[in-house]
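Need coordinates for the below:
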Amino acid sequence: MPVDRSRILRTGVRTLAALATAAVAVGLVGAAALGTWPSSRAEAPSTVVEPEAVSQQRVCPGPVLAIGADAAEATAIESVGTASVVTASDPDDVDLELSWLASAENPDGAEDSGPLVIDAAAGAVESGMLAGAQSQTVGTDVLGGFAAASCTEAVEESWLVAGATTVGRSSLVLLSNPTAVAATVDVRVVGEAGPVEARSAIGITVPPRTQRVLSLAGLAPNLASPVVHVTSTGGAIAASLEQSVVEGLAPAGVELTGPTAPPAPSQIIPGLVIDGAAGVHADEDHADGDAFPALRLYSPGDEAVEVAIGIVPVDGGTGDAIDVDLQPGKVSDIPLGDLPAGTYTVRIDADGPVVAAARSTVAGTSDGSDDEATDAAAPADLAWFTAALPLLDSAVVAVASGPSPTLHLAAGPEGADAASVTVGGSTREVSVPPLGTVSVPLSRGTVLLEGVEGLTASVTYRGGDALASFPVAPPGPLDSPIRVYPR
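Residues are numbered from 1 along each chain as shown. Take a look at the predicted model:
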């Protein structure tokens, strides 16, 4: 067959041209990789939008409750005394509407001394600048101690990290519905052995303007380390947990605990007060009772979580560090060891979401008797210190009556700058160093905070036989400013 030399020539030329083009392309790519190209980055335009003024509301849990105080009615619940309530707002000269919820389990309770609802009309106070707090001292044959709690917003989901249902310990879950519609509530309990099967706690109806009370022992008996997850549909719920302790025949503390911060890899507990009595070392495998400080942790995920716990004194002394592994689906109470008396900030960093709260007790004062048994039975008190959420730039705090109320301001996580905070208008200015905590003595009434963005805060009470705490919470989503990115 004759050879078409012209075709071969054309093919060869095309091949050489393709190879030359590829070589040039490779050279350009290599030059681009080695060279420096001009860059440009534009931030997306955004604006902070204040939500439209709406009515604001806070719910106080109400007085301490006793279950089975009457031997003839072992499951009856009744209120004990009344709680002292303080309200706070900015501005502070507005008229707030106060009303009381009905109590489904305590129909004989006084109508004007039960769970209290604080309402501010739309636009009456600045967004999120409404607060309330209550306190109460009780002393009966079965209840003794001091309890203080903040008045919280009703929400669709809450985590209660507190309580026990072992011998001598009673815990009540308080579900307050301040709205005008019924709420359907699911209460799920997890303990040291895992989730507790309690079908009677699913689909609970809480009528409008009513508080319902559940005995935790009825849902999860003999539980040493419960965590309670409350969710609701319909009306929103303000949830809290009351715990009381009896040692032998003597009351040994009572506490009202509100929700802790929702699950997150990083949690901060500001203002953990340690009495300094002999405790249990953190490396011990087993510890019963309440007479030692402990950190309760739970991870709602399906995998084990590694947790680093930092315990730092507020005065800047030497702290402690504990590393633990949390088993999925189980609650752990971590003994914090023989910590010297003082106030501490607990910082928790995990590789998965956790909820947290710390427990501490105060030993009762001796009555001066020579009888050792009498001294050993002296009253005491316990408190739960919950993890707190970061605040916005300003906050208002209601300080209820009680012994030595103190504000604790803790800096944000590592990398946060120092903060200059104004406490109570122009009266005091304090500086919170990075990863540091500052304590400020308070008095009963209203305290305004400015410059607290990113900080966490709590209010604690400490007396001879009294211990209590509650976090300072930022406003909920409906009251918080929103950053909007226009399209």
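
where does the stretch 351-487 of the chain have low pLDDT?
Counting by pLDDT under 70, the ranges of the stretch 351-487 of the chain that qualify are 364-379, 425-427, 477-487.

residue boundaries of the strands in it?
Assigned strands in the stretch 351-487 of the chain, in chain order: 381-386, 394-399, 406-410, 419-423, 428-432, 437-441, 445-450, 456-462, 467-471, 482-484 (criterion: DSSP state E, counting those that start in this stretch).

Who are the packing partners of the longest one?
If you count contacts as 3 or more C-beta pairs under 8 Å, 6 or more residues apart in numbering; DSSP states H and E, strand 456-462 packs onto strand 144-150, strand 264-274, strand 381-386, strand 394-399, strand 406-410, strand 467-471. C-beta here means a position set from N, CA and C on the backbone, and glycine is covered the same way.

Mind checking what helix or strand follows the second one in sequence?
On the C-terminal side of strand 264-274, the nearest following helix or strand under DSSP states H and E is strand 294-298.

For the stretch 51-200 of the chain, just list every one of the helices.
Read by DSSP state H, counting those that start in this stretch, the stretch 51-200 of the chain holds no helices at all.

Turn the strands of the stretch 351-487 of the chain into JSON lines, including distance to A124 and mean neighbour count.
Formatted as JSON lines, the strands of the stretch 351-487 of the chain follow (distance: least, C-beta to C-beta, whole Å; neighbours: other C-beta atoms under 10 Å):
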{"stretch": "strand 381-386", "distance to A124": "29", "mean neighbour count": "27"}
{"stretch": "strand 394-399", "distance to A124": "13", "mean neighbour count": "22"}
{"stretch": "strand 406-410", "distance to A124": "25", "mean neighbour count": "25"}
{"stretch": "strand 419-423", "distance to A124": "23", "mean neighbour count": "18"}
{"stretch": "strand 428-432", "distance to A124": "27", "mean neighbour count": "15"}
{"stretch": "strand 437-441", "distance to A124": "28", "mean neighbour count": "18"}
{"stretch": "strand 445-450", "distance to A124": "15", "mean neighbour count": "19"}
{"stretch": "strand 456-462", "distance to A124": "24", "mean neighbour count": "25"}
{"stretch": "strand 467-471", "distance to A124": "24", "mean neighbour count": "29"}
{"stretch": "strand 482-484", "distance to A124": "21", "mean neighbour count": "9"}
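
do you know which of these lies nearest R188?
With C-beta to C-beta as the measure, strand 381-386 is the member of the strands of the stretch 351-487 of the chain nearest R188 (18.4 Å).

Just give me how far the closest one sits from the chain centre.
Chain-centre distance of strand 381-386: 12 Å, with C-alpha atoms, centre = their mean, to the nearest Å.

Can you report phi and psi for the residue nearest to P195 when sequence neighbours are not counted?
Of all residues not flanking P195 in the chain, G329 sits nearest, at 6.3 Å (C-beta to C-beta, 6 or more residues apart in numbering). When quoted as degrees, to the nearest 10, the phi and psi of G329 stand at phi 80, psi 10.

Surely G329 touches V190?
Yes. Taking contacts as C-beta atoms under 8 Å, G329 lies within contact range of V190: 6.9 Å.

Who has more neighbours out of these two?
Set G329 next to V190 and count neighbours by other C-beta atoms under 10 Å: V190 wins out with 21 against 16.

Dig out what the spatially closest residue to that one that is not a sequence neighbour forms beta bridges with.
Counting by C-beta to C-beta, 6+ apart, the nearest residue to V190 once its immediate chain neighbours are dropped is V227, at 4.9 Å. Beta bridges link V227 to V161, V190 when assigned by DSSP bridges.

what separates L326 from A419, distance-wise?
31 Å (C-beta to C-beta, to the nearest Å).

do A88 as well
Computed as C-beta to C-beta, the A88 to A419 distance reads 21 Å.

Please apply the same query to I204.
Counting by C-beta to C-beta, the gap from I204 to A419 is 42 Å.

Extract the C-alpha trace of stretch 435-455 and format it as PDB.
Taking C-alpha atoms only, stretch 435-455 is exported to PDB below (Å, rounded to 0.1, in the frame of the first residue of the first chain):
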ATOM      1  CA  LEU A 435      -8.700  32.700  82.400                       C
ATOM      2  CA  GLY A 436      -9.200  34.400  85.800                       C
ATOM      3  CA  THR A 437     -12.100  35.000  88.200                       C
ATOM      4  CA  VAL A 438     -13.100  37.900  90.300                       C
ATOM      5  CA  SER A 439     -15.400  37.900  93.300                       C
ATOM      6  CA  VAL A 440     -17.400  40.900  94.300                       C
ATOM      7  CA  PRO A 441     -19.500  41.200  97.600                       C
ATOM      8  CA  LEU A 442     -23.100  42.100  97.000                       C
ATOM      9  CA  SER A 443     -26.100  43.400  98.900                       C
ATOM     10  CA  ARG A 444     -29.800  42.500  98.600                       C
ATOM     11  CA  GLY A 445     -31.400  44.200  95.600                       C
ATOM     12  CA  THR A 446     -30.600  45.000  92.000                       C
ATOM     13  CA  VAL A 447     -27.100  44.900  90.400                       C
ATOM     14  CA  LEU A 448     -26.400  46.100  86.900                       C
ATOM     15  CA  LEU A 449     -23.400  44.600  85.000                       C
ATOM     16  CA  GLU A 450     -21.800  46.200  82.000                       C
ATOM     17  CA  GLY A 451     -18.800  45.000  79.900                       C
ATOM     18  CA  VAL A 452     -19.500  41.300  80.700                       C
ATOM     19  CA  GLU A 453     -19.700  40.000  77.100                       C
ATOM     20  CA  GLY A 454     -18.300  36.400  77.000                       C
ATOM     21  CA  LEU A 455     -18.000  36.100  80.800                       C
END
